[in-house]
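*Asks:* Below is the structure, and that's it, no one-letter string:
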């Protein structure tokens, strides 16, 4: 069965549709976007038997409530929001008319709600992801929105419950590689980046995480001609406090990047919430 | 060329000049090395975004093996952009350059510009190849909203805002040509390598 599947009853602070994004369009100024915590999206999809890149709802700090418009198979992963029915990282059956509510997760930031069949809102440039910076893709969800889902895929859910992936909360340590522009900073600035705890700022979003800590001092003055950016880049604006770029980061930037978070640690970064502290260390080898 | 890794996610190639960056981008676009997921040309650099598991050393080797051609002997598609030259900053640009307004317009429509790179917003292209006389600084204060179709100058570049957005460029005119449409293939008229001729709207 396909067609209207899910009614949005409440969204919490921010809920968007996300898949694995639209890579390959950077030259025309379009970033990759997609789920901020990709492994959580993939897991949610695997649980309901979807292809890993099917579109799902990314909820920020819980508060999401949905109503099934027909019998649905769903799963919730990522930040461990308490659920009104069923358990996190498990296959949940919703009857027609049944509601599912996500409370505020005690730790972590972003939870993913996948629906068997995948959400089939219209694609924009090959993806159903909302890019908040470029304003591309389906608008952020609002109460009353009705989301369609596709037909059930051939694959059946093959596990009932997935093991816990990560401990959320605490003081995560993110592995980085220095550069590409670490030579624009004093050795003391690089030392402090790696030695000090950094607090996630309140103004953080899917574009980037603002970090509060000591100002990183530049060794080189002047302006950097704009250059391409990767997710995980720690870009340092004139104030000296780095911004850690996440899924909707600008394609190019004009401030030097002192270090980049390894791909494998980006999902962990995307789950750090405002007020939490984190640390960086240089990856070995 | 300097090769600057961005962890395991990218390889930033610093060519040192705009011409060389554009030439390298064109060569990479023609024969993209295995493991490269996306290319981001910019003012002095080309960023190669790597696919998961790609080996940066191998990608670097592949880039070193390329022989980029000439940057500005572009034979890319030519896009004609009709412009009404009534921008709010046109008198200011005339003052900054010491040229009469008519001469600013004449210099803007005379060359064939080339899209060097994008990145500011979907569909925005930094146009190069303009006359040096039109080099002007950005506005001291950015506007919070520049309308779609506004034609501007900043530094050595010209550009057209594809969608309404904040912006600090000196606005000299406007076009009704739709530079960006999500439902068109390709969605952006101005892509790196495309050549542009501005034409004064309403003039024969």
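*Replies:* Thanks, I have it. These figures come from a predicted structure and were not determined experimentally. Numbering: from 1, shown residues only, chains lettered A, B, ... in the order given.
*Asks:* and residue A:265, that one's in a strand?
*Replies:* No: Residue A:265 is assigned helix when assessed by DSSP: H, G, I helix; E, B strand; the rest coil, not a strand.
*Asks:* show me what contacts the most centrally placed residue in chain B?
*Replies:* Residue closest to the mean C-alpha point of chain B, counted by Cα atoms, centre = their mean, is residue B:126 at 2.0 Å. The contact partners of residue B:126, by Cβ atoms under 8 Å, 6 or more residues apart in numbering or on different chains, come to B:43, B:115-120, B:157, B:159. To be clear about C-beta, it is placed using only N, CA and C from the backbone, and glycine gets the same treatment.
*Asks:* Which ones among these also lie next to chain A?
*Replies:* The subset of the contacts of residue B:126 lying close to chain A, counting by Cβ under 8 Å from any Cβ of the partner chain, consists of B:43, B:117-120.
*Asks:* Emit the PyMOL select command for whichever of those residues are buried.
*Replies:* This is the PyMOL syntax for the buried subset of the ones next to chain A among the contacts of residue B:126, where burial follows 16 or more other Cβ atoms under 10 Å in any protein chain shown:
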select buried, chain B and resi 43+117+118+119+120
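*Asks:* Save the ones next to chain A among the contacts of residue B:126 as a markdown table, and put in pLDDT and distance to residue A:80 too.
*Replies:* Output for the ones next to chain A among the contacts of residue B:126, formatted as a markdown table (pLDDT from 0 to 100; distance: Cβ to Cβ, whole Å):
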| residue | pLDDT | distance to residue A:80 |
| --- | --- | --- |
| B:43 | 91 | 44 |
| B:117 | 93 | 42 |
| B:118 | 91 | 40 |
| B:119 | 84 | 37 |
| B:120 | 84 | 39 |
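*Asks:* Could I get the contacts of residue B:126 in a markdown table, plus columns for secondary structure?
*Replies:* Below are the contacts of residue B:126 laid out as a markdown table (three-state DSSP):
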| residue | secondary structure |
| --- | --- |
| B:43 | coil |
| B:115 | strand |
| B:116 | strand |
| B:117 | strand |
| B:118 | coil |
| B:119 | coil |
| B:120 | coil |
| B:157 | strand |
| B:159 | strand |
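*Asks:* can you tell me how far residue B:151 sits from residue B:90?
*Replies:* The gap separating residue B:151 from residue B:90 is 10 Å, by Cβ to Cβ, to the nearest Å.
*Asks:* residues shared between the contacts of those two?
*Replies:* The contact sets of residue B:151 and residue B:90 overlap at B:171-173 (Cβ under 8 Å, 6+ apart).
*Asks:* among those, who's most crowded?
*Replies:* residue B:172 (28 neighbours; other Cβ atoms under 10 Å in any protein chain shown).
*Asks:* Which residue, neighbours along the chain excluded, lies closest to that residue?
*Replies:* Of all residues not flanking residue B:172 in the chain, residue B:87 sits nearest, at 4.0 Å (Cβ to Cβ, 6 or more residues apart in numbering or on different chains).
*Asks:* hang on, the earlier thing: out of the shared contacts of residue B:151 and residue B:90, who's nearest chain A?
*Replies:* residue B:171 (19.4 Å; Cβ to the nearest Cβ).
*Asks:* what bridges to the residue in the stretch 151-285 of chain A positioned nearest to chain B?
*Replies:* In the stretch 151-285 of chain A, the residue that lies nearest chain B is residue A:228 (2.7 Å; Cβ to the nearest Cβ). Counting by DSSP bridges, residue A:228 is bridged to residue A:252.
*Asks:* ok, the lengthiest strand in chain A: who's next to it in the sheet?
*Replies:* Secondary structure of chain A per DSSP state E: the longest strand is strand A:3-11. Next to strand A:3-11 in the sheet, as set by DSSP bridges, lie strand A:64-68 (antiparallel), strand A:146-149 (antiparallel).
*Asks:* got any ranges where chain B has weak pLDDT?
*Replies:* Within chain B, the set of residues satisfying pLDDT under 70 comprises B:70-75, B:203-204.
*Asks:* Leaving aside the residues adjacent along the chain, what's closest to the residue of it positioned farthest from its centre?
*Replies:* Residue farthest from the centre of chain B, counting by Cα atoms, centre = their mean, is residue B:53 at 30.9 Å. Closest residue in space to residue B:53, ignoring its immediate chain neighbours: residue B:35 at 7.6 Å, by Cβ to Cβ, 6+ apart.
*Asks:* For that neighbour, give me its contacts.
*Replies:* B:50-51, B:53-55, B:58-59.
*Asks:* Please repeat the previous calculation with a cut-off of 10 Å.
*Replies:* B:11, B:48-56, B:58-59, B:62 (Cβ atoms under 10 Å, 6 or more residues apart in numbering or on different chains).
*Asks:* Quick check: closest non-adjacent residue to the residue nearest in space to the middle of chain A.
*Replies:* Closest to where the C-alpha atoms of chain A average out (Cα atoms, centre = their mean) is residue A:36, at 1.5 Å. Once flanking residues are discounted, residue A:36 sits nearest to residue A:270: 3.7 Å by Cβ to Cβ, 6+ apart.
*Asks:* The one you found touches residue A:78, doesn't it?
*Replies:* Yes: here residue A:270 reaches residue A:78: they are 8.9 Å apart, a contact under Cβ atoms under 10 Å.
*Asks:* What distance do you get for residue A:236 to residue A:195?
*Replies:* For residue A:236, the distance to residue A:195 - Cβ to Cβ - is 16 Å.
*Asks:* Between these two, which has more neighbouring residues?
*Replies:* Between residue A:236 and residue A:195, counting by other Cβ under 10 Å, residue A:236 is the more crowded of the two (25 against 12).
*Asks:* Contact partners for the residue nearest to residue B:172?
*Replies:* Each residue near residue B:87 by Cβ under 10 Å, 6+ apart is listed here: B:93, B:104, B:150-153, B:169-174.
*Asks:* Name the residues that touch the helix or strand of chain A with the lowest mean pLDDT?
*Replies:* When the helices and strands of chain A are scored by mean pLDDT, DSSP states H and E, strand A:252-253 comes last with a mean of 92. Contact with strand A:252-253 is made by A:26, A:29, A:31, A:208, A:224-229, A:233, A:235, A:237, A:243, A:245, B:40-43, B:45, B:47, B:117-120, B:126, as judged by Cβ under 10 Å, 6+ apart.
*Asks:* and these, which are buried?
*Replies:* A:26, A:29, A:31, A:208, A:224, A:226-229, A:233, A:235, A:243, A:245, B:40-43, B:45, B:47, B:117-120, B:126.
*Asks:* Now for residue A:189, how many residues are close by?
*Replies:* 20.
*Asks:* picking up where we left off before, next SSE downstream of the longest strand of chain A?
*Replies:* Downstream of strand A:3-11, the first helix or strand assigned by DSSP states H and E is strand A:14-18.
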